[in-house]
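>>> Show me the folded form of this:
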Amino acid sequence: FDGYSDINHSYKFKSLADVSAFIKKNKHLPGVTKIDDLKKNVNGYSFDLTALSIQSLEKIEELYLHVIEQQKQIDAKNEEIEALRKALKDQTDKTNDRLQKLEKALIRNK
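Below is the predicted model:
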């Protein structure tokens, strides 16, 4: 995915920070028609089902792309945590070995 849509040329994939800022400012998702912009009639709202479907599909794709990116970050953090745990265990084992050697040496020197 290159961040753009072949169907909607004005579409651009936004970071979660950009989406959050847009929602805070505009009170709706970017790329989704505001309820105020829909035609209202006596039975409710009138809208273009094709446009609504495209907007919904774009949002679903965005969610998946964000989830995939977050999963990559989680996996990288888990790998780093495991490496740190192993390093800590190795260091603790070395420290315990040194302490045991020192204790033995002290006992022998008494």
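>>> how about the helices in this protein?
16-26, 49-108 (DSSP state H).
>>> could I get those helices as JSON lines with mean neighbour count, mean pLDDT and distance to residue 6?
Bear in mind the C-beta positions are built from the backbone N, C-alpha and C, glycine included. Listed next are these as JSON lines, based on neighbours: other CB atoms under 10 Å; pLDDT from 0 to 100; distance: least, CB to CB, whole Å:
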{"stretch": "helix 16-26", "mean neighbour count": "12", "mean pLDDT": "95", "distance to residue 6": "21"}
{"stretch": "helix 49-108", "mean neighbour count": "11", "mean pLDDT": "95", "distance to residue 6": "11"}
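>>> Pipe these into JSON lines and attach distance to residue 42 per row.
Below are these laid out as JSON lines (distance: least, CB to CB, whole Å):
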{"stretch": "helix 16-26", "distance to residue 42": "28"}
{"stretch": "helix 49-108", "distance to residue 42": "19"}
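>>> just so I know, which of these lies nearest residue 43?
helix 49-108 (15.1 Å; CB to CB).
>>> angle of the closest one against helix 16-26?
Going by axes from the mean of the first three to the mean of the last three CA atoms, to 10 degrees, helix 49-108 is angled at 130 degrees with respect to helix 16-26.
>>> just to revisit the earlier point, and residue 7, which of the helices of the chain is closest to it?
Using CB to CB, the helices of the chain put helix 49-108 closest to residue 7, at 6.2 Å.
>>> Nearest spatial neighbour of residue 22, chain-adjacent residues omitted?
Closest residue in space to residue 22, ignoring its immediate chain neighbours: residue 30 at 4.5 Å, by CB to CB, 6 or more residues apart in numbering.
>>> Great, nothing more from me.
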